[in-house]
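A structural model of the following input is requested.
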Amino acid sequence: MSRLPGQSLRERLNEKLDNVLFSSVIVVIAGFMYLYIECMHVYAKLKPSVGVGVFVFIATLVFAVWSFYRNRRCVQNIKLGERGERIVALALQRDLAPLGYVAFHDIQLRKDGRSFNIDHLVIGSNGIFAIETKNYSKPRKGNAKVHYDGKKVLWNGSCRKNEAEQAMATARAAKKLIDDSTGLRVFVTPVLCAVGWFATSSDLYGNPVLLCMEKTLKSVIPKVQPRIKLDQSDINKIVSALDRI
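Presented below is the predicted three-dimensional model:
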């Protein structure tokens, strides 16, 4: 069954929010209950300890707020990632589907006990493309430029992590998935899509990974020269196999 773009990120976001809210609420309730009990000690003319109760309640409240802000960045990053995948999915539907390309989103895989996903897998007559989506916050001032020199992906001159190798590993996983499920021997081109950033490459079609923006997918992908030519029966076979996943 085909999944929605960003579905795994949405599921991860919901799980994160549930965990944050649950832990925060439990801590606040615990502090409030302690304060309530100490107040009852006063009303029952027992030795009062309202000060201790107030201290515990404030401490638990501070902990809850700290926990919320600690997880806020993670939640924001997940939201950015999900939004980026939806933007790319819309671009694929709008710009490439009319050209005969078929797209699948958020394909779930496991390797060595670890779960990961392929953001988008695009199949057309000139090949198969595994698209890794990156949607980072743009700087408040200055340009938002990303450049790939064939080895590293530099975001305004800074390398965040080894994203080129990540894209290539995703493409290899997609190839294995298709080879195993169809009996074909295919080649999958790794694509890194920088949402909202101005993307340039030292050698666009000569580099191991295609770097583009969501706006340039429609001009970059159709110009890729096929490593292995796919006829319509091959495409149908691949699409049918992915539909069953």
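
helix, strand or coil: sort out the spatially most central residue of the chain for me.
The central residue of the chain, meaning the one whose C-alpha is nearest the mean C-alpha position (CA atoms, centre = their mean), is Gly81 at 4.3 Å. In the three-state summary, Gly81 is assigned as helix, counting by DSSP: H, G, I helix; E, B strand; the rest coil.

kindly report the same for His105.
strand.

and it, how far is that from Leu92?
His105 is 9 Å from Leu92, where distance means CB to CB, to the nearest Å. In short, each C-beta sits where N, CA and C put it, glycine included.

so what sits against both of the two?
His120 (CB atoms under 8 Å, 6 or more residues apart in numbering).

quick one: the strands in this structure?
Assigned by DSSP state E, the strands in the chain fall at 102-111, 114-124, 127-134, 145-148, 153-155, 188-194, 198-201, 210-212.

would you turn those strands into TSV with mean neighbour count and distance to Ala167?
What follows is the strands of the chain, written out as TSV (neighbours: other CB atoms under 10 Å; distance: least, CB to CB, whole Å):
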stretch	mean neighbour count	distance to Ala167
strand 102-111	17	15
strand 114-124	19	10
strand 127-134	25	4
strand 145-148	21	10
strand 153-155	19	9
strand 188-194	26	4
strand 198-201	18	13
strand 210-212	24	9
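
which among those is found nearest to Glu163?
Nearest to Glu163, of all those, is strand 153-155, at 4.6 Å by CB to CB.

and the closest one, how far out from the chain middle?
Distance of strand 153-155 from the chain centroid (CA atoms, centre = their mean, to the nearest Å) equals 18 Å.

who's in contact with it?
For strand 153-155, contacts defined as CB under 8 Å, 6+ apart pick out 136, 145-148, 159-160, 163-164, 192, 197, 211.

cutoff 10 Å now
Taking CB atoms under 10 Å, 6 or more residues apart in numbering as the criterion, the residues outside strand 153-155 that touch it are 134, 136, 138-139, 144-148, 159-167, 192, 194, 197, 199-201, 209, 211.

before we move on, what about stretch 233-240?
Contacting residues not belonging to stretch 233-240 are listed as 100-102, 104, 121, 123-125, 128, 177-178, 181-184, 186, 228, 230-231 [CB under 10 Å, 6+ apart].
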